[in-house]
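*Asks:* coords below, sequence missing:
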Ligand code: HDD
Ligand code: HEM
Ligand code: HEM
């Protein structure tokens, strides 16, 4: 399931970000009459269609897999977390319907209705992401029930949706979707512009993509800080693993990099910033931060993975935030960023980073929660299906996903990224810079 | 029958399944006819099928997700048993769903080269045939009582827990019935969508053949149920509503065939949909009050009342958004065409 999710999340995120790009492009075309934006909107909508279809089928796999892999989890948690999944179902439904209308309705409905359909696709895409993350937040901070003899009684699905993790996680995740998609698209077009700086198509694409990606990436560290502070309070073992902190400490330092060694109980080769961790996690120089020694050995998550994943996310995320700040300042000063090669190169570098951050971030959340599926309540090992030989479906789906991934990339190249050739709908003018 | 919350929600699950069968079922059937596209108008037939499916198949597909989500939220005990014992056919069905959806989209957006188009077309068609059979086999496994009767334990043998319950003659029969019904629906719908008499005639012939197949297979399944699904058969033959149900199903079937024969295609569409709907509800009624016969009743499988009430509210709110949107979708793509 980790594999299916890791795959699905990429499509899901693009499914949230891409409709936003597509609607903005169409809106600009309607306002300015600039055919370049129309071409962009059409290409992006084709990209959205491909990704949505693959996202939809991989999502279907997930909804079954919840039960196929963790029947015990679903049996107990279904009545509690079913609510966000049901709402998510409706959000998907709306998204699928209006995407159909948008894609095939260019000349069947009025311009206004068409833009509205696009907006509805974007909004319901974002809502669907939010609902699923709410379900995941419940696994981190389970609420809304009384546990009697290991059974959930007195269930309250509404309280289960409003857990302490829900707000920080959904905020951070939604921003991540826009940041990652925006920069991935921007990165690709920036690469094209490095080779062909006067290409008007790529210029327009870059400007719209940065408009979506940069503001999101800029505020992402703030959202991440909110999230880290909730983790410090609600899941101290996870925080300790994220930071590779083995001993409970007052005024704990922030360690960057390094290799945590669970047997020696220390993190070597890390750069330490004194008091950094206490300051970040509790906004207090001398706050006490719980180390892994505060927890039984069999409740430790795999420390090295969590710590490195966390540093990867924060490192790459900080770089993206810096680049975004530079881009936004330059745009605000009305500078032409396309003539600045270093900015283009930095944007290209940011291209894959958003997605790396997302995979790293989910690794932190999910692996950091181990050995629990439901934090403090149900262990992963007790939730898994009794069916033997799970490696077979695992390998099948992994192979299938790799195969689909390659095809999707090829198609996207053909349908979306390739510079328009002579004679295609887009008039091949080049803007004089 | 008293309408408790659990019964109402089970009914809603059935309605969603019904919508899935009528809408997405026909999309699968379209894949079947893509596979069997023959003659001079082969390309025209394929084009008609993909035009008919393209704008709506994803929305149609979501009905299945709704069924699953409602099952695990409202009937978690049943869901987890199904998920454990039917792991293998469900996984295969998922593979079919993934391959069909992706192949369809890859074919629509892929390179124009004929070989690539053909290859994706093949994948799309074959997955469209396999998936309904697997879906039917899962339904069959529930109806025989094998799912309800098998106790899950780590000591039980692999074959007796994970293969035997679903790999039965009866299961295969229900799988083939599902395939025939979906193909029938698709052919009938396509007679309405076709522009030009020749195409219309192509699908009229196919619809009539499929109707014949449904008839033959349905009787085969009934015969098999004698030994393999005695409880359901008992109810189907002797339940209080058995006779009226058989009569309305028969009327719908005869109307569909007569309407096809006399080329009243719109009437045929309504009748075919009604026929399939009656068959589906016949199965549900035969199982009542069990969700997983012979042990697990709808009431016993249900989640706490509080969850059920909230889900009902969510469904009501969702329906307010969904139904107008769906109406809009089908109006834009399915009604303007003929005008
Ligand atoms: C573009 C993507 C992206 C970027 C730039 C960042 N993150 Fe992140 N992060 C995610 C994408 C992400 C994510 C994939 O969206 C996660 C996984 C689960 C979640 O809710 O968000 C996540 C989880 C996550 C968690 C784990 C919380 C938990 O276990 O519930 C923390 C503490 C942070 N993030 C903190 C940060 C900080 C301090 C960043 C500073 C730059 C940062 N993130 C940048
Ligand atoms: C809301 C959505 C999610 C749910 C309900 C969920 C559910 C679960 C559950 C029940 C487990 C424990 C089983 C196991 O360890 O194999 C798990 C682990 C895992 N999840 Fe998630 N997850 C969600 C989101 C994600 C996402 C988006 C990713 C993507 C990158 C992800 C990646 C993983 C990984 C890698 C593990 C394995 C951890 C380990 O084995 O140590 N999860 N998830
Ligand atoms: C936490 C990470 C997840 C996010 C952000 C997310 C978000 C999304 C989004 C935006 C889509 C729309 C597809 C697209 O536009 O490409 C989608 C599809 C889907 N997702 Fe997820 N999802 C996540 C995890 C899950 C999980 C754990 C499940 C399992 C229940 C799931 C079930 C589905 C389903 C069933 C679909 C298909 C809907 C359709 O057919 O339209 N998702 N997801």
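*Replies:* Done, it's in. Quick caveat, the model's predicted, so the values are computed rather than measured. Ligands and ions are numbered 1, 2, ... in the order given.

*Asks:* right, and residue B:184 touches residue B:207 too?
*Replies:* Yes. Contact status for residue B:184 versus residue B:207: in contact at 6.3 Å, counting by Cβ atoms under 8 Å. Any C-beta I mention is one placed from the backbone N, CA and C, and that applies to glycine too.

*Asks:* shared neighbours of the two, anything?
*Replies:* Residues touching both residue B:184 and residue B:207 (Cβ atoms under 8 Å, 6 or more residues apart in numbering or on different chains) are residue B:272.

*Asks:* interface residues of the stretch 51-200 of chain A facing ligand 1?
*Replies:* Contact residues (Cβ under 6 Å from any ligand atom) of the stretch 51-200 of chain A with ligand 1: A:133, A:140, A:165, A:169, A:172-173, A:176, A:179-180.

*Asks:* Considering only those, which also neighbour ligand 3?
*Replies:* Applying Cβ under 6 Å from any ligand atom to these, those adjacent to ligand 3 are residue A:133.

*Asks:* Show me the residues of the stretch 51-200 of chain A next to ligand 1 that map onto helices.
*Replies:* Residues of these located in helices (DSSP state H): A:133, A:140, A:169, A:172-173, A:176, A:179-180.

*Asks:* What's the ChimeraX line that selects buried ones from the residues of the stretch 51-200 of chain A next to ligand 1?
*Replies:* Buried residues among those (16 or more other Cβ atoms under 10 Å in any protein chain shown), as a ChimeraX selection:
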select /A:133,140,165,169,172,173,176,179,180
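
*Asks:* now, which of the residues of the stretch 51-200 of chain A next to ligand 1 sits nearest ligand 3?
*Replies:* Taking Cβ to the nearest ligand atom as the measure, ligand 3 lies nearest residue A:133 of these, at 5.1 Å.

*Asks:* Next one: the closest residue to ligand 3 within the stretch 51-200 of chain B relative to ligand 1, how far apart?
*Replies:* As assessed by Cβ to the nearest ligand atom, ligand 3 sits closest to residue B:65 within the stretch 51-200 of chain B, at 4.4 Å. Distance, residue B:65 to ligand 1, using Cβ to the nearest ligand atom, to the nearest Å: 22 Å.

*Asks:* Secondary structure element for that residue, which one?
*Replies:* helix B:57-74 (DSSP states H and E).

*Asks:* State the distance from the residue nearest to residue B:63 when sequence neighbours are not counted to ligand 2.
*Replies:* Excluding its sequence neighbours, the residue lying closest to residue B:63 (Cβ to Cβ, 6 or more residues apart in numbering or on different chains) is residue B:20, at 3.7 Å. Per Cβ to the nearest ligand atom, residue B:20 is found 23 Å from ligand 2.

*Asks:* Residue B:67 is in contact with residue B:20, correct?
*Replies:* Yes. With contact defined as Cβ under 8 Å, residue B:20 counts as touching residue B:67 (6.4 Å).

*Asks:* In terms of pLDDT, where does the residue lying closest to residue B:198 once chain neighbours are set aside sit?
*Replies:* In this structure, residue B:198 finds its nearest non-sequential neighbour in residue B:41, 6.3 Å apart by Cβ to Cβ, 6+ apart. Looking at residue B:41, its pLDDT is 75.

*Asks:* Quick check: phi and psi at residue B:41.
*Replies:* When read as degrees, to the nearest 10, the backbone of residue B:41 gives phi -90, psi 20.

*Asks:* Next, the contact list for it, please.
*Replies:* Contacts of residue B:41 by Cβ under 8 Å, 6+ apart are B:198-199, B:202.

*Asks:* mind putting these in JSON lines, neighbour count, secondary structure and distance to residue A:39 included?
*Replies:* Shown next, in JSON lines, are the contacts of residue B:41 (neighbours: other Cβ atoms under 10 Å in any protein chain shown; DSSP: H, G, I helix; E, B strand; the rest coil; distance: Cβ to Cβ, whole Å):
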{"residue": "B:198", "neighbour count": "12", "secondary structure": "helix", "distance to residue A:39": "37"}
{"residue": "B:199", "neighbour count": "18", "secondary structure": "helix", "distance to residue A:39": "34"}
{"residue": "B:202", "neighbour count": "24", "secondary structure": "helix", "distance to residue A:39": "38"}
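
*Asks:* who are the neighbours in contact with the residue of the stretch 51-200 of chain B closest to ligand 3?
*Replies:* A:59-60, A:63, A:89, A:92.

*Asks:* go with 7 Å
*Replies:* Neighbour list for residue B:65: A:60, A:63, A:89, A:92 [criterion: Cβ atoms under 7 Å, 6 or more residues apart in numbering or on different chains].

*Asks:* got the contact list for whatever residue of the stretch 101-250 of chain B ends up closest to ligand 1?
*Replies:* When distances are taken as Cβ to the nearest ligand atom, the stretch 101-250 of chain B reaches nearest to ligand 1 at residue B:102, 24.5 Å away. Contact analysis of residue B:102 by Cβ under 7 Å, 6+ apart lists A:53-54, A:57, A:404.

*Asks:* ok, now how distant is it from residue B:120?
*Replies:* 9 Å (Cβ to Cβ, to the nearest Å).

*Asks:* repeat for residue B:50
*Replies:* 11 Å.

*Asks:* Show me where the chain has its strands.
*Replies:* You didn't say which chain, so I picked chain A. Secondary structure of chain A (DSSP state E): strands at A:146-148, A:151-153, A:249-250, A:254-256, A:259-261, A:266-268, A:271-273, A:288-289, A:372-374, A:378-379.

*Asks:* I was thinking of chain B, sorry if that wasn't clear
*Replies:* Ranges of strands in chain B, per DSSP E, are B:290-292, B:296-297.

*Asks:* quick one: strands adjacent to the shortest one?
*Replies:* Sheet partners assigned to strand B:296-297 using DSSP bridges are listed as strand B:290-292 (antiparallel).

*Asks:* now the partner strand: mean pLDDT?
*Replies:* Strand B:290-292 comes out at a mean pLDDT of 69.

*Asks:* hmm, back to that, relative to residue A:111, how far out is the residue of the stretch 51-200 of chain B closest to ligand 3?
*Replies:* Taken as Cβ to Cβ, the span from residue B:65 to residue A:111 is 32 Å.

*Asks:* List the buried residues of stretch B:264-274.
*Replies:* B:265, B:268-269, B:271-274.

*Asks:* same check, this time on stretch B:218-235
*Replies:* B:218, B:220-221, B:224-225, B:228-229, B:231-233, B:235.

*Asks:* now do stretch A:404-411
*Replies:* For stretch A:404-411, burial by neighbour count (16+ other Cβ under 10 Å) applies to A:404, A:407-408, A:411.

*Asks:* Among those residues, name the ones in helices.
*Replies:* Using DSSP H, the buried residues of stretch A:404-411 in helices are A:404, A:407-408, A:411.

*Asks:* and chain B, which of these contact it?
*Replies:* A:404, A:407, A:411 (Cβ under 7 Å from any Cβ of the partner chain).

*Asks:* got the residues of chain A near ligand 2?
*Replies:* So chain A meets ligand 2 at A:1-2, A:5-6, A:9, A:70, A:73, A:132, A:135-136, A:359, A:362-363, A:366-367, A:370, A:373, A:380 (Cβ under 6 Å from any ligand atom).

*Asks:* mind running it again at 5 Å?
*Replies:* Contact residues, chain A versus ligand 2 (Cβ under 5 Å from any ligand atom): A:2, A:5-6, A:9, A:132, A:135-136, A:362, A:366-367, A:370, A:373, A:380.

*Asks:* Would you mind giving me the PyMOL syntax to select the buried ones in these?
*Replies:* Buried residues within the residues of chain A next to ligand 2, by 16+ other Cβ under 10 Å, are selected in PyMOL with:
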select buried, chain A and resi 5+6+9+132+135+136+362+366+367+370+373
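
*Asks:* how about JSON lines for the residues of chain A next to ligand 2, with pLDDT added?
*Replies:* Compiled in JSON lines, these are given as follows (pLDDT from 0 to 100):
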{"residue": "A:2", "pLDDT": "62"}
{"residue": "A:5", "pLDDT": "74"}
{"residue": "A:6", "pLDDT": "76"}
{"residue": "A:9", "pLDDT": "84"}
{"residue": "A:132", "pLDDT": "86"}
{"residue": "A:135", "pLDDT": "84"}
{"residue": "A:136", "pLDDT": "85"}
{"residue": "A:362", "pLDDT": "87"}
{"residue": "A:366", "pLDDT": "84"}
{"residue": "A:367", "pLDDT": "85"}
{"residue": "A:370", "pLDDT": "80"}
{"residue": "A:373", "pLDDT": "79"}
{"residue": "A:380", "pLDDT": "77"}
